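*Asks:* Have a look at this prediction, sequence included:
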Amino acid sequence: VKRIATWMSGTLFLLSLCPLAAQGRELRVCAGCEFTSPGEAIAASRDGDTVLIDGGLHQVGTLAIDRSITLRGINGATLDGESKGHVIDMLADGITIEGLIIENPGVSDMKEFASIHGESVHDCRLRFNVLRNATYGIYLARSERCLIERNVSLGNAKDEVLGGNGIHLWYSSNNSLLGNTVISHRDGIYFEFSENLLVKGNSALSNIRYGLHFMFCHRSHIEGNRFYQNATGTALMYSRHLELVGNAFNDSQGPSMQGLLLKDITDSVVKRNTLTRNTTGVLADNSSRN
């Protein structure tokens, strides 16, 4: 017992030192700070650091983040992409981006420029950001275990060619989307070849094609979302083992518009949803065992 007590005492002492040793630095960006631009602070950062951007408009073009840091905005900090490309391009795992206003990514009919972009990154945290004049708001490809929470994406889609999607996942499984709002995009939320997703408490309004669009996405849970005044509220296609529970589909009105479209959906559960003032409530096409 004495040996165990002595070992525990020494271990607890060492553990008490670990947070101090492992704690990252805070690199502040402001007019009178050591760093006056986000790019300078990111270049000086190391894994585990926080780059804190304190207010102001920063014309950044594209900010590439190639280390596991937190990029946090306070007091209305705004990053302007100057319509050049991605505004933030994540190139490392474990990145957190929160509390920022991010505006003006590029517009192209050849590339998917986004306010926040990541390819082959994992464990990212994208929270409490406002994305303005966004072509694509958040675009993840081949990325897993990311949390996309309580962001607002205000799109600029005028047609399906130049417009992009509010939150777009491609080959990106095991991700969570919680409490986001997407407005005036091509599709509010779009998933393709992505599985095991949690989509809960989001709102999609006034998107010119679909509020939510699934293609080849299996074993996902869609609960408590709200879809208003989209051309079609939600289109679920070529997928199985979905749970669609307690969602609201409202005001999809006009020729060939539906609150909910099920196309080649099998072995899924659709329950306790509300469909109001849609031209067609539910259109089920080649869908069975549901």
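*Replies:* That came in fine, so what should we check first?
*Asks:* residue ranges of the strands in the stretch 1-150 of the chain, please?
*Replies:* Per DSSP state E, counting those that start in this stretch, the stretch 1-150 of the chain carries strands over the ranges 26-29, 50-54, 57-59, 63-65, 70-74, 78-80, 88-90, 96-98, 101-103, 114-119, 125-127, 130-134, 136-141, 147-149.
*Asks:* contact partners of the third one?
*Replies:* By that I understand strand 57-59. Contact with strand 57-59 is made by Val29, Ser37, Pro38, Ala77, Thr78, Leu79, Asp80, Glu82, as judged by CB atoms under 8 Å, 6 or more residues apart in numbering. Where you see a C-beta, it was placed from the backbone N, CA and C, and this is true even at glycine.
*Asks:* rerun that using 10 Å as the cut-off
*Replies:* Strand 57-59 has contacts (CB atoms under 10 Å, 6 or more residues apart in numbering) with 29, 36-39, 73, 76-82, 84, 100-101, 103-104.
*Asks:* re the thing from before, let's have the strands of the stretch 1-150 of the chain in TSV, adding mean neighbour count and distance to Gly163.
*Replies:* Output for those, formatted as TSV (neighbours: other CB atoms under 10 Å; distance: least, CB to CB, whole Å):
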stretch	mean neighbour count	distance to Gly163
strand 26-29	19	32
strand 50-54	21	29
strand 57-59	14	24
strand 63-65	19	24
strand 70-74	21	26
strand 78-80	22	20
strand 88-90	24	20
strand 96-98	20	23
strand 101-103	22	16
strand 114-119	26	13
strand 125-127	21	21
strand 130-134	23	10
strand 136-141	28	9
strand 147-149	20	20
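*Asks:* Compare these and give me the one nearest Cys217.
*Replies:* Distance to Cys217, taken as CB to CB, is lowest for strand 136-141 among the strands of the stretch 1-150 of the chain, at 13.4 Å.
*Asks:* Give me the sheet partners of the closest one and which way each runs.
*Replies:* Under the criterion DSSP bridges, strand 136-141 sits next to strand 114-119 (parallel), strand 167-170 (parallel) in its sheet.
*Asks:* okay, those strands in CSV with distance to Glu149 and mean pLDDT next?
*Replies:* Shown next, in CSV, are the strands paired with strand 136-141 (distance: least, CB to CB, whole Å; pLDDT from 0 to 100):
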stretch, distance to Glu149, mean pLDDT
strand 114-119, 13, 98
strand 167-170, 11, 98
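*Asks:* Reformat those as a markdown table; add distance to Thr280.
*Replies:* Output for those, formatted as a markdown table (distance: least, CB to CB, whole Å):
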| stretch | distance to Thr280 |
| --- | --- |
| strand 114-119 | 32 |
| strand 167-170 | 25 |
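*Asks:* and Thr279, which of those is closest to it?
*Replies:* So among the strands paired with strand 136-141, strand 167-170 is nearest, using CB to CB, at 25.6 Å.
*Asks:* Can you name the next helix or strand after that closest one?
*Replies:* Moving toward the C-terminus from strand 167-170, the next helix or strand (DSSP states H and E) is strand 176-178.
*Asks:* Which of the residues in that following strand are classified as buried?
*Replies:* Neighbour-count burial for strand 176-178, with 16 or more other CB atoms under 10 Å as criterion, is recorded at Leu177, Leu178.
*Asks:* Run through the helices of the protein in chain order.
*Replies:* For the chain, applying DSSP state H gives helices covering 2-22, 38-44.
*Asks:* can you tell me which of those helices the model trusts least?
*Replies:* If you rank the helices of the chain by mean pLDDT, helix 2-22 sits at the bottom with a mean of 41.
*Asks:* Would you format the strands of the stretch 1-150 of the chain as JSON lines with distance to Glu195 included?
*Replies:* Putting the strands of the stretch 1-150 of the chain into JSON lines (distance: least, CB to CB, whole Å) gives the following:
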{"stretch": "strand 26-29", "distance to Glu195": "37"}
{"stretch": "strand 50-54", "distance to Glu195": "32"}
{"stretch": "strand 57-59", "distance to Glu195": "37"}
{"stretch": "strand 63-65", "distance to Glu195": "27"}
{"stretch": "strand 70-74", "distance to Glu195": "28"}
{"stretch": "strand 78-80", "distance to Glu195": "32"}
{"stretch": "strand 88-90", "distance to Glu195": "21"}
{"stretch": "strand 96-98", "distance to Glu195": "24"}
{"stretch": "strand 101-103", "distance to Glu195": "28"}
{"stretch": "strand 114-119", "distance to Glu195": "18"}
{"stretch": "strand 125-127", "distance to Glu195": "20"}
{"stretch": "strand 130-134", "distance to Glu195": "25"}
{"stretch": "strand 136-141", "distance to Glu195": "14"}
{"stretch": "strand 147-149", "distance to Glu195": "16"}
